[in-house]
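Peer 1: Pasted the sequence and its predicted model underneath.
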Amino acid sequence: MRGQDKFLGALIGGAAGDALGYPVEFDSANEILAEYGDAGVTQYKLRGGIAQISDDTQMTLFTAAGLLTGLTRGMHRGFLADPSDYIIYGYRDWYRTQTTPFSMREGERYSWLSNVKQLYNRRAPGMTCLSALQEGVAGTIEHPVNDSKGCGGIMRVAPVGLFYCDSKRSYAYSDLAAARAAALTHGHELGYISAAALAHILRRIVEQGDGVEAATHSAMQFLPTLFPTSKYLPALQELIERAVALAKEGEDDRAAIFRLGQGFVAEETLAIALYCAIKYEDDFARGIAAAVSHGGDSDSTGAVAGNILGARRGYAAIPERFTARLELKDVIGEIARDLYRCGVMRDADFGERIWTRKYVTFDYCPEEDT
Ligand SMILES: [Mg+2]
């Protein structure tokens with residue numbers, strides 16, 4: 001099951017990068033250097049014996065749940081709305097986990113993830129996501145909810161690129177689906193075009209077997225056809241070109257990443273993640289260490305680099321020390337496997353009892369049901 005290994009790699013890899021970066025999310029480059037030394041952050045800082053994931057991984061799971069719920073409903077009813085119409089319910093679910101106490105199966109819910117108590121932990125949730133969801137309005141590309149290009153849009157869309165692998169949908173469709181998922185809360189062009197780029201890159205890597213640089217090139221070539229009137233796309237392309245060039249120059253990672261930005265905004269998150277994933281394409285551990293060991297938004301750059309590196313080499317290439325203590329590893333794995341099962345010619349059974357409890361009635365609870 002080589003394909004499934006890549007789906008697992010992308011989501012577990014993203015969670016690993018997130019968990020590695022989360023403890024240093026708010027640390028400066030000098031503070032990280034002083035505490036961790038030249039090699040940067042290479043080991044988890046465990047809390048209560050676990051490597052905690054943050055909002056990046058939480059929201060990634062809810063993106064996947066929205067896609068899976070939408071497809072399942074479409075299969076049952078013969079009608080499928082735009083994916084973002086379902087993903088917004090996933091994000092409303094996530095918002096509820098961050099703002100109300102846990103209760104098993106009580107209250108309005110839109111995914112089985114609501115039955116997972118650990119997802120109610122608050123892990124520095126992004127204010128743009130929280131406030132956009134609090135407003136209750138779903139942003140679109142045509143009607144932006146704000147002017148934010150924060151990385152909260154890109155850091156959660158990896159499942160979109162995976163979900164459409166080996167489907168009948170075009171790259172235009174899947175890239176736009178990722179852009180729309182980001183635009184639900186992030187209205188600036190670069191906030192959602194960067195998300196489309198990540199989905200494109202992941203799909204190329206997993207579906208076509210592209211290397212990271214080839215997949216990046218494909219995305220940069222394709223995006224102008226999808227966003228022909230974009231004012232900011234050339235700036236994104238220029239930054240990504242710089243990231244690709246730096247990855248091949250052999251400069252010190254901290255200096256190179258400094259030249260790409262800090263990753264608080266989506267295009268910089270993508271640029272830093274791509275720099276690390278191209279430079280350390282065969283070394284997951286070094287790739288995520290570089291991606292988190294800077295003064296910027298370490299957990300988000302770590303998460304996106306982990307998505308890309310994990311998709312490229314698969315779960316089997318992630319060292320055991322990054323999976324053994326990873327929080328919610330089983331839930332992340334279950335979501336990755338369900339995404340994988342949805343591809344054309346795979347074995348998803350939308351009428352299966354467990355599947356309908358997960359994606360129709362939302363009363364599935366992994367702790368009780370397995
Ligand atoms: Mg975070």
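Peer 2: Everything's here; your move. Residues are numbered from 1 along each chain as shown.

Peer 1: going forward, measure contacts and count neighbours with C-alpha atoms only.
Peer 2: OK.

Peer 1: hmm, which helix or strand of the chain has the shakiest average pLDDT?
Peer 2: helix 366-369 (a mean of 79; mean pLDDT, DSSP states H and E).

Peer 1: Against which helices or strands is it packed?
Peer 2: Packed against helix 366-369 by the contact rule (3 or more Cα pairs under 8 Å, 6 or more residues apart in numbering; DSSP states H and E) you find no helix or strand.

Peer 1: Helices of the stretch 201-350 of the chain, residue ranges please.
Peer 2: For the stretch 201-350 of the chain, the helices defined by DSSP state H, counting those that start in this stretch occupy 212-226, 233-247, 253-260, 266-279, 284-292, 298-313, 329-341.

Peer 1: do you know which of those helices lies nearest His143?
Peer 2: Of all these, helix 212-226 sits nearest to His143, with 17.4 Å by Cα to Cα.

Peer 1: For the ion, see how far away Gly306 is.
Peer 2: According to Cα to the ion, to the nearest Å, Gly306 stands 14 Å off from the ion.

Peer 1: neighbours of that residue, just the number please.
Peer 2: Number of residues near Gly306 (other Cα atoms under 10 Å) recorded here: 32.

Peer 1: Using CSV, lay out the helices of the stretch 201-350 of the chain together with mean pLDDT.
Peer 2: CSV is the format used below for these (pLDDT from 0 to 100):
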stretch, mean pLDDT
helix 212-226, 98
helix 233-247, 98
helix 253-260, 96
helix 266-279, 98
helix 284-292, 98
helix 298-313, 98
helix 329-341, 97
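
Peer 1: which intervals of the stretch 1-150 of the chain have sub-threshold pLDDT?
Peer 2: Residue ranges of the stretch 1-150 of the chain with pLDDT under 70: 1-2.

Peer 1: hmm, try it at 50
Peer 2: 1 (pLDDT under 50).

Peer 1: hang on, isn't Ala196 packed against Ala179?
Peer 2: Yes. Look at Ala196 against Ala179 with Cα atoms under 8 Å: they come within range, at 4.8 Å.

Peer 1: Just give me the neighbour total for Val212.
Peer 2: What Val212 shows, counting by other Cα under 10 Å, is a neighbour count of 24.

Peer 1: which non-adjacent residue is nearest it?
Peer 2: Distances taken as Cα to Cα, 6 or more residues apart in numbering put Ile278 closest to Val212, at 5.8 Å, once the chain neighbours are dropped.

Peer 1: ok now do that neighbour, which residues does it touch?
Peer 2: Val212, Glu213, Val244, Ala247 (Cα atoms under 8 Å, 6 or more residues apart in numbering).

Peer 1: Just send those back as TSV, with distance to the ion too.
Peer 2: Formatted as TSV, the contacts of Ile278 follow (distance: Cα to the ion, whole Å):
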residue	distance to the ion
Val212	24
Glu213	26
Val244	25
Ala247	25
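
Peer 1: so how far is the least confident helix or strand of the chain off the chain centroid?
Peer 2: 25 Å (Cα atoms, centre = their mean, to the nearest Å).

Peer 1: In PDB, could you pull the C-alpha coordinates for that helix?
Peer 2: Coordinates of each C-alpha in helix 366-369 appear next as PDB, following Å, rounded to 0.1, in the frame of the first residue of the first chain:
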ATOM      1  CA  PRO A 366     -12.300   5.900  18.600                       C
ATOM      2  CA  GLU A 367     -11.800   5.200  22.300                       C
ATOM      3  CA  GLU A 368     -15.100   3.300  22.600                       C
ATOM      4  CA  ASP A 369     -15.300   1.800  19.100                       C
END
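
Peer 1: Flag every buried residue along it.
Peer 2: Within helix 366-369, no residue qualifies as buried by neighbour count (16 or more other Cα atoms under 10 Å).

Peer 1: Name the residues that touch it?
Peer 2: By Cα under 8 Å, 6+ apart, the surrounding residues in contact with helix 366-369 are Val116, Val331.

Peer 1: how does it look with 10 Å?
Peer 2: Where contact means Cα atoms under 10 Å, 6 or more residues apart in numbering, the residues beyond helix 366-369 that reach it are Trp112, Leu113, Asn115, Val116, Lys117, Asp330, Val331, Glu334, Ile354, Lys358.

Peer 1: Buried by neighbour count, from those: which ones?
Peer 2: By 16+ other Cα under 10 Å, these give Trp112, Leu113, Asn115, Val116, Ile354, Lys358 as buried.

Peer 1: Let me see the contact set for Tyr110.
Peer 2: Taking Cα under 10 Å, 6+ apart as the criterion, Tyr110 is in contact with 62, 65-66, 69, 86-94, 358-363.

Peer 1: switch to 8 Å and redo it
Peer 2: Contacts of Tyr110 (Cα under 8 Å, 6+ apart): Tyr89, Gly90, Asp93, Phe362.

Peer 1: same thing with Trp94?
Peer 2: Gln58, Met59, Phe62, Ser114.

Peer 1: buried stuff in the helix or strand where the second one lies?
Peer 2: What that stands for is Met59. Element membership for Met59, per DSSP states H and E: helix 55-77. By 16+ other Cα under 10 Å, the buried positions in helix 55-77 come out as 55-73.

Peer 1: And stretch 147-164, by the same measure?
Peer 2: So for stretch 147-164, counting by 16+ other Cα under 10 Å, buried means 148-164.

Peer 1: Just give the number of residues close to the closest residue to the ion within the stretch 251-370 of the chain.
Peer 2: Closest contact between the stretch 251-370 of the chain and the ion, by Cα to the ion, is at Asp299 (5.4 Å). Using other Cα under 10 Å, Asp299 is surrounded by 34 other residues.

Peer 1: That one and Gly187: what is the separation?
Peer 2: Noted for Asp299: a distance of 22 Å to Gly187, by Cα to Cα, to the nearest Å.
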